[in-house]
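>>> my questions concern the predicted model and sequence given below.
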Amino acid sequence: MQNKPPINLGNNIFLIDGFDLGMPSRTGSYVLDEDELTIVETGPSPSVPYIVQGLKELGKTPEMVKYIIVTHIHLDHAGGAGVLLEQCPHAKVIVHPRGERHLIDPSKLAAGARAVYGDKFDALFDPIKAIPEDRLIVKHEGDTLKIGENRTLEFLDTPGHAKHHFSIYDPVSNGMFTGDTVGIRYEELEKDGIYLYLPTTSPNHFDPDAMLDSIDRIRKRNIDKIYFGHFSVTENVEEVYRQVSDWIPLFVKEGEKALSKGKDDKTIYTGLMNLINNHLSQYDLPENHPVYPILELDLQVSAMGIADYLRKKKR
């Protein structure tokens, strides 16, 4: 198991790298060190040992955890919730109302991921454990959760990436835990001073109009920080909104171009990869730059979601 100490992001928020897909700086879990110890995002089940180790390094134990919040139920964000919950006897999982039934019975969720990831599924996501209904709390638009004397989180319904997606506003940091709503931050590029933020348009709920609306709602909150599911935090919030809002129609256009010629999501992926490579060509990155395997995976999944959206739209 790789070792990377939790990162102190300030305001009693710590980031644990879950080494999702075996990659560093891919998917993170946030620990909010308050009276009611809270974790935001679990990542997939293979990430749970990293969360437990990270808690230990913070002087905490799983028995101290009170809340586990998942922004949405995709397996790279919530797949490990059942496994983690077994080790956190005093915790409850907080989920969007549209996600509750899938955590109680994750069979459809698992089948959908198997369709996307094929033979790699078991190594990346197994096991996916059901969560008892009495250990779930549903939060709707505008609901709150008090986790400390001076810290009450607020939940915003933010569809676009998924219908079962909420974002969580933290007044202490004036930040938002956005899951996948406002896209992906590429840590490996930021190390080189390159700031790239891309939408994640995975199947099967991608809706560009809803995503743009959700980004606009978050923008209007005048937050100072975005805490991404992938990965870490930025104060560069206006640049995030601008880039992701600009990329969304370009992604959809690539899909329309491919499908109009009778092509499939593989062609959409090639078009998306060309778009991003053209953008990155100004930076003269080496061919073996560590961002490329991450980009390839992200754009493959995004291409599938764009194809799915456009086919449904034609019906």
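Alright, I've got the coordinates. Residues are numbered from 1 along each chain as shown.

>>> my read is that Thr158 contacts Ile168, right?
No. With contact defined as C-beta atoms under 8 Å, Thr158 does not count as touching Ile168 (9.7 Å). Glycine gets a C-beta too; all of them are placed from N, C-alpha and C.

>>> what about those two, which has more around it?
Thr158 (28 against 24; other C-beta atoms under 10 Å).

>>> show me what the helix or strand hosting Ala303 is packed against.
Element membership for Ala303, per DSSP states H and E: helix 291-314. Using 3 or more C-beta pairs under 8 Å, 6 or more residues apart in numbering; DSSP states H and E, the elements in contact with helix 291-314 are helix 187-190, helix 237-260, helix 265-280.

>>> quick one: residues in contact with the helix or strand that the first one is followed by.
Spelled out, that is helix 187-190. Going down the chain from helix 187-190, the next helix or strand is strand 197-198, by DSSP H and E. Identification of contacts with strand 197-198 by C-beta atoms under 8 Å, 6 or more residues apart in numbering yields 182-186, 239-240, 243-244, 247, 276, 298, 302.

>>> can you check what angle separates the helix holding Ala303 from helix 265-280?
130 degrees (axes from the mean of the first three to the mean of the last three C-alpha atoms, to 10 degrees).

>>> and helix 291-314, which residues are buried?
By 16 or more other C-beta atoms under 10 Å, the buried positions in helix 291-314 come out as 291-292, 294-295, 298-310.

>>> can you flag the buried ones in the contacts of strand 197-198?
182-186, 240, 243-244, 247, 276, 298, 302.

>>> can I get those in JSON lines with distance to Lys139 and pLDDT?
Converted to JSON lines, the buried ones among the contacts of strand 197-198 look like this (distance: C-beta to C-beta, whole Å; pLDDT from 0 to 100):
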{"residue": "Val182", "distance to Lys139": "19", "pLDDT": "99"}
{"residue": "Gly183", "distance to Lys139": "23", "pLDDT": "98"}
{"residue": "Ile184", "distance to Lys139": "24", "pLDDT": "99"}
{"residue": "Arg185", "distance to Lys139": "25", "pLDDT": "98"}
{"residue": "Tyr186", "distance to Lys139": "29", "pLDDT": "97"}
{"residue": "Val240", "distance to Lys139": "24", "pLDDT": "99"}
{"residue": "Gln243", "distance to Lys139": "29", "pLDDT": "99"}
{"residue": "Val244", "distance to Lys139": "24", "pLDDT": "99"}
{"residue": "Trp247", "distance to Lys139": "29", "pLDDT": "99"}
{"residue": "Ile276", "distance to Lys139": "35", "pLDDT": "98"}
{"residue": "Asp298", "distance to Lys139": "28", "pLDDT": "96"}
{"residue": "Ser302", "distance to Lys139": "27", "pLDDT": "97"}
